[in-house]
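S.K.: Compute the structure for the input listed below.
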Amino acid sequence: MAGAHSLKHEIFISASVEKVRTALSTAEGLRGWNTPHVEGTGALGTQWNLKYTGRPEFSWRIDQDDPEEILWTCTRGPGDAVGTTAAFSFASAPDGRTRLSVVHGGWPHDEANFVKCNTIWGALVHHLRDYVESGASDPAFS
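M.R.: Okay, here's the model as predicted:
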């Protein structure tokens, strides 16, 4: 069944929902944990263009930017990435941390780039947590 596969990650971050959202919705925030090569304004309907040294470039259209969820749709990337979606959901945990759930969905199969992307998202969410908690920029990829 086409689009039936999703990568799923969840991490708890010792920061407010707003701080986590800022890291995902601003160019400065994305540069702090993803890649220093970010183009875009973060406005709804526009695109983030993410460039990586020696790796494929990605473009993500910002389709939703709500207090509880940000949704991107891939418009440029390798293999089966185009057309997939990345949903970032936020919830306040009882202990004051923020629970971030990342679902990269719409994959036609669970092989090849699906597996590689799962590893990459795992690294990315840890860099995101470390950046938001420390305030020190440390992009996962250059």
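S.K.: and whichever strand or helix holds Cys74, what other elements does it pack with?
M.R.: Using DSSP states H and E, Cys74 falls within strand 69-76. Other helices and strands packing on strand 69-76, by 3 or more C-beta pairs under 8 Å, 6 or more residues apart in numbering; DSSP states H and E, are helix 17-25, strand 47-51, strand 58-65, strand 85-92. Where C-beta positions appear, they are placed from N, C-alpha and C, glycine not excepted.
S.K.: Is it possible to get a markdown table of the ones you listed that adds mean pLDDT and distance to Arg76?
M.R.: Output for the helices and strands packed on strand 69-76, formatted as a markdown table (pLDDT from 0 to 100; distance: least, C-beta to C-beta, whole Å):
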| stretch | mean pLDDT | distance to Arg76 |
| --- | --- | --- |
| helix 17-25 | 97 | 19 |
| strand 47-51 | 97 | 8 |
| strand 58-65 | 98 | 4 |
| strand 85-92 | 97 | 13 |
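S.K.: buried ones in the helix ranked longest in the chain?
M.R.: Secondary structure of the chain per DSSP state H: the longest helix is helix 113-134. The neighbour-count check on helix 113-134 (16 or more other C-beta atoms under 10 Å) flags 113-114, 117, 120-121, 124-125, 127-132 as buried.
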